[in-house]
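A.B. asks: Requesting a structural model of the entry that follows:
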Amino acid sequence: MKERKYFGTDGIRGRVGVAPITPEFALRLGWAAGRVLAPQGGARVVIGKDTRISGYMFESALEAGLAAAGLDVLLTGPMPTPAVAHLTRTFHASAGIVISASHNPFDDNGFKFFGPDGLKLPDEVERKIEAELARPLQTVAAERLGKATRITDAAGRYIEFCKSTISHDLTLHGLHIVVDCAHGATYQVTPSVLRELGARVELIGAEPDGLNINLDCGSTHVEPLRAAVREHGADLGIALDGDGDRLIMVDATGAVVDGDQLLYIVACDRLGQGALPGGVVGTVMSNLGLEEALTALDVPFERAKVGDRYVLERLHERGWRLGGESSGHLICLDRTTTGDGTVSALQVLAAAVRQQKSLHDLATGMTVYPQRMRNVRIEPGQRPLDHPSVAAAVAAAERSLAGHGRVLLRPSGTEPVVRVMVEGRDPGLVTQLVDSLVETVAAAV
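C.D. replies: Sure thing, here's the model as predicted:
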């Protein structure tokens, strides 16, 4: 099957101004997507974006390309990725496009797509868009050109949707929460959701200026959140990423509760309510402790490739409803169609309120194996994992773990790096093995 040229595991992403993340490409991408997703024209596409300064430029270019293909555009302005998925469905649009590079720094950007069902596009549809990109751009007749309209109540619609994902008789009164919005797309909506449900909210990372998205804050840099939770004496903290589709939490002591632990908490809560049909899907990066904890509860657990799209695919294949990644992408298909940091946080908070337990106590049923991951930067075309020395080093590391841990080396789907991960019972051995493997991979580059 032909490899995709532009689409990776989470849309198209790269450095602004460097092909393909250019205004010219965005124009052609809008046109090509319009041709594939609504070949007869006359349809609508929702466009949202995070808070990067380059979003204005790409929004205009995409809008022009879609209009040239005969499609109308509905603009949301800064809005979390999952909000665009929701709005795509509620407006009965042919597609949704998010201009974002998720947890990357401001000088990256990219494009994520949703179909009319609010699900990410299948690989085959992405291949069709890439094929259309190779064709000459032809504008439809003037009378068939699309037009753009701004959705003025987009935030309010999404806020009400988020609140609807927990029981109407459940409130967050009495909870004191610190929220880190990563200076990203959730900076307005998530605090509103929590406050309207009764929580007392302290905010950090909620002053976007176009350049500070994800800068030493959010789900990939939780130290400011840990400090703020302790400073305010809060019950817990919530860290989101720049586009709002992933979640990491912090308990009252400042201890991090990662995506695996959050997935365990939600699974246990669903199980207790008799609302966990089937099992749970994680990824090859999910902590071994998650698998062992779920197995002890007789909950089936399967691993998919890294990337929330692959977790989603496995969930649909199995007919299951709950999955996620250790990085904080939680997917609750009984509530929404894609990873949603705000909705996922509400599921955890609902479990805490329902069970009258702290976040720390909810997570204690799962033992987290020490896990360490390092990245080795590579250039295009380099394939260090094919080198015999790397295979030999992996085999030696696995022997050292003696069946009580895992070794995983994989190319990233979103960055030019190889990720090297080791987990096991002995943290000293884990560190020693991952450092040794990084040296071997770097030497093979």
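A.B. asks: Could you look up the SS state of A351?
C.D. replies: helix (DSSP: H, G, I helix; E, B strand; the rest coil).
A.B. asks: and it, how many neighbours?
C.D. replies: Applying other Cβ atoms under 10 Å, we find 22 other residues in the vicinity of A351. Backbone N, C-alpha and C define where each C-beta goes, glycine included.
A.B. asks: A43 too?
C.D. replies: Neighbours around A43, by other Cβ under 10 Å: 20.
A.B. asks: Let me see the contact set for the residue lying closest to it once chain neighbours are set aside.
C.D. replies: Using Cβ to Cβ, 6 or more residues apart in numbering and skipping the chain neighbours, the partner closest in space to A43 is S94 (3.9 Å). Listed by Cβ atoms under 8 Å, 6 or more residues apart in numbering, the contact partners of S94 are 37-38, 43-45, 71, 116.
A.B. asks: Need the max-distance pair from the residues you listed.
C.D. replies: L71 and P116 (12.7 Å; Cβ to Cβ).
A.B. asks: In terms of packing, which of those two has more residues around it?
C.D. replies: L71 (29 against 18).
A.B. asks: these two touch, right, the more buried one and G41?
C.D. replies: Yes: with contact defined as Cβ atoms under 8 Å, L71 counts as touching G41 (6.2 Å).
A.B. asks: Now the common contact residues for the two.
C.D. replies: 34, 146.
A.B. asks: State the mean pLDDT of the host helix or strand of R303.
C.D. replies: R303 belongs to strand 301-304 when elements are defined using DSSP states H and E. Mean per-residue pLDDT for strand 301-304: 97.
A.B. asks: for stretch 374-388, same thing?
C.D. replies: On average, stretch 374-388 scores 90.
A.B. asks: Any idea how far apart the tips of that stretch sit?
C.D. replies: 20 Å (Cα to Cα, to the nearest Å).
A.B. asks: what does stretch 7-14 give?
C.D. replies: 11 Å.
A.B. asks: Only the buried residues of it, if you could.
C.D. replies: Residues of stretch 7-14 classed as buried: 7-8, 10-14 (neighbour count, 16 or more other Cβ atoms under 10 Å).
A.B. asks: Mind checking which of these are in strands?
C.D. replies: Among those, the members falling in strands (DSSP state E) are 12-14.
A.B. asks: Out of the buried residues of stretch 7-14, which is nearest to L145?
C.D. replies: Closest to L145, out of all of those and judged by Cβ to Cβ, is I12, at 24.8 Å.
A.B. asks: if I read this right, that closest one contacts Y6, doesn't it?
C.D. replies: Yes: counting by Cβ under 8 Å, Y6 is a contact partner of I12 at 4.9 Å.
A.B. asks: Overlap of the contact sets of those two?
C.D. replies: In contact with both I12 and Y6: P20, using Cβ under 8 Å, 6+ apart.
A.B. asks: how far out from the middle of the chain is the biggest helix by length in the chain?
C.D. replies: In the chain, with assignment by DSSP state H, the single longest helix is helix 427-444. Distance, stretch centre to chain centre, for helix 427-444: 28 Å (Cα atoms, centre = their mean, to the nearest Å).
A.B. asks: then it to CSV, C-alphas only?
C.D. replies: Taking Å, rounded to 0.1, in the frame of the first residue of the first chain, the C-alpha atoms of helix 427-444 are listed here in CSV:
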residue,chain,number,x,y,z
PRO,A,427,14.6,2.1,38.3
GLY,A,428,18.4,2.0,38.4
LEU,A,429,18.5,-0.8,35.8
VAL,A,430,15.9,1.0,33.7
THR,A,431,18.0,4.2,33.6
GLN,A,432,21.1,2.2,32.8
LEU,A,433,19.5,0.3,29.9
VAL,A,434,17.8,3.3,28.3
ASP,A,435,21.0,5.3,28.4
SER,A,436,23.0,2.4,26.8
LEU,A,437,20.3,2.0,24.1
VAL,A,438,20.3,5.7,23.3
GLU,A,439,24.1,5.5,22.7
THR,A,440,23.7,2.5,20.4
VAL,A,441,20.9,4.1,18.4
ALA,A,442,22.9,7.4,18.1
ALA,A,443,25.9,5.6,16.9
ALA,A,444,23.8,3.9,14.2
